[in-house]
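> Any chance you can model this:
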Amino acid sequence: MEFSTPLVSGRLIKRYKRFLADVVLDGDGTEITAHCANPGSMLGLKAPGSRVWVSPSDNPKRKLKYSLEIVEADGALVGINTGYPNRLVEEGLQANALPDLAGFESLRREVKYGKNSRIDILLEGGTHARTYVEVKNVHLMRRPGLAEFPDSVTARGAKHLAELADMVREGHRAAMVFLVQRPDCDRLSLAGDIDPGYAAAFAQARDAGVEAYAMGCDVTTAGIEVNRAVALEI
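The predicted structure follows:
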């Protein structure tokens, strides 16, 4: 996935109200407020003074011209925009970056299922008649090389796991795919201390037959590419 417009670098002043970030742009020192498409806590990624990159938009209907895209942390570029993971995982699946989910004939996104829900990706045909794939964005790293999910309590995430388990009980295949938007992690675990409810729901889903995978990305100011599997320590 390439960014549609060149990114602009700057320094983070603060991230606040979940979806706002104040940034001082490099060059002329202009201070702007950028949209932050990330509902999580962004633990470890919101220190004032952090180097960041934002994307500009010429859409006159937008309230905020800029969107926060990348934060530099621990010497790595980290993608924080949670609007991208479904697209990135789709690209990875189409490129057979996750062999265990290869062999499908069609891929659809945002398909209605369960109790008034939408599955992120539905794979059909080929090896398995129907595979329900839920995608979660990951960018928390508290120990070198180990990505963790979630970075805040997510009741919605637990609900999604229960719905995946329901699909398995109906005879379908279901998978949870964690998309790690940072290049410095080769392992992934659950942050049970942050959300024990999610960890419990995950264990129940695995017992029911829900599969779990993690995919890693290279993040640059030009774009983000899914290019490897990440080992699970769960």
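
> if I look at the residue of the chain most remote from its centre, how far off is Ala214?
Here the centre of the chain is the reference, and by CA atoms, centre = their mean the most remote residue is Asp28, at 32.2 Å. Applying CB to CB, to the nearest Å, the value for Asp28 to Ala214 is 40 Å. From N, CA and C alone the C-beta is placed, and that goes for glycine too.

> Spit out the contact partners of the residue nearest to Thr220 when sequence neighbours are not counted.
In space, and not counting its chain neighbours, Thr220 is closest to Leu77: 6.6 Å by CB to CB, 6 or more residues apart in numbering. Counting by CB atoms under 8 Å, 6 or more residues apart in numbering, Leu77 touches Trp53, Ile70, Val71, Arg182, Pro183, Val219, Thr220, Thr221.

> any weak-confidence spans in this protein?
Where the chain drops to pLDDT under 70, the residues are 128.

> Just give me the residue closest to the centre of it.
For the chain, Asn137 is the residue whose C-alpha lies nearest the centre (CA atoms, centre = their mean; 1.8 Å).

> ok, now how distant is the residue farthest from the centre of the chain from Gly10?
11 Å.

> now do Ala129
Using CB to CB, we find Ala129 at a distance of 48 Å from Gly10.

> The residue nearest to Glu110 when sequence neighbours are not counted: neighbouring residues, count only.
Nearest residue to Glu110 in three dimensions, chain neighbours excluded: Arg118, at 4.8 Å (CB to CB, 6+ apart). Neighbour count for Arg118, taken as other CB atoms under 10 Å: 11.

> Surely Arg118 and Val111 touch.
Yes - contact criterion CB atoms under 8 Å: Arg118 and Val111 qualify, at 6.3 Å.

> shouldn't Glu72 be in contact with Arg51?
Yes - the pair Glu72 / Arg51 is scored as a contact, 4.2 Å apart, by CB under 8 Å.

> Compare the two and say which is more crowded by neighbours.
Ranked by neighbour count (other CB under 10 Å), Glu72 and Arg51 place Glu72 first, with 17 against 14.

> Show me what the strand or helix carrying the more buried one is packed up against.
Assigned by DSSP states H and E, Glu72 belongs to strand 66-73. The criterion is 3 or more CB pairs under 8 Å, 6 or more residues apart in numbering; DSSP states H and E, and the helices and strands that strand 66-73 contacts are strand 8-16, strand 20-25, strand 31-35, strand 51-56, strand 76-79.

> can you pull the alpha-carbon coordinates of stretch 212-227 into CSV?
Taking C-alpha atoms only, stretch 212-227 is exported to CSV below (Å, rounded to 0.1, in the frame of the first residue of the first chain):
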residue,chain,number,x,y,z
ALA,A,212,-5.0,-17.2,15.0
TYR,A,213,-2.2,-15.7,12.9
ALA,A,214,0.0,-12.6,12.9
MET,A,215,1.4,-10.7,9.9
GLY,A,216,4.2,-8.2,10.0
CYS,A,217,4.8,-5.0,8.0
ASP,A,218,7.6,-2.9,6.7
VAL,A,219,6.7,0.7,7.3
THR,A,220,8.2,3.6,5.3
THR,A,221,7.2,7.1,4.5
ALA,A,222,6.3,5.9,1.0
GLY,A,223,4.0,3.1,2.1
ILE,A,224,3.3,0.0,4.2
GLU,A,225,3.9,-3.5,3.0
VAL,A,226,2.8,-6.8,4.6
ASN,A,227,5.7,-9.2,4.0
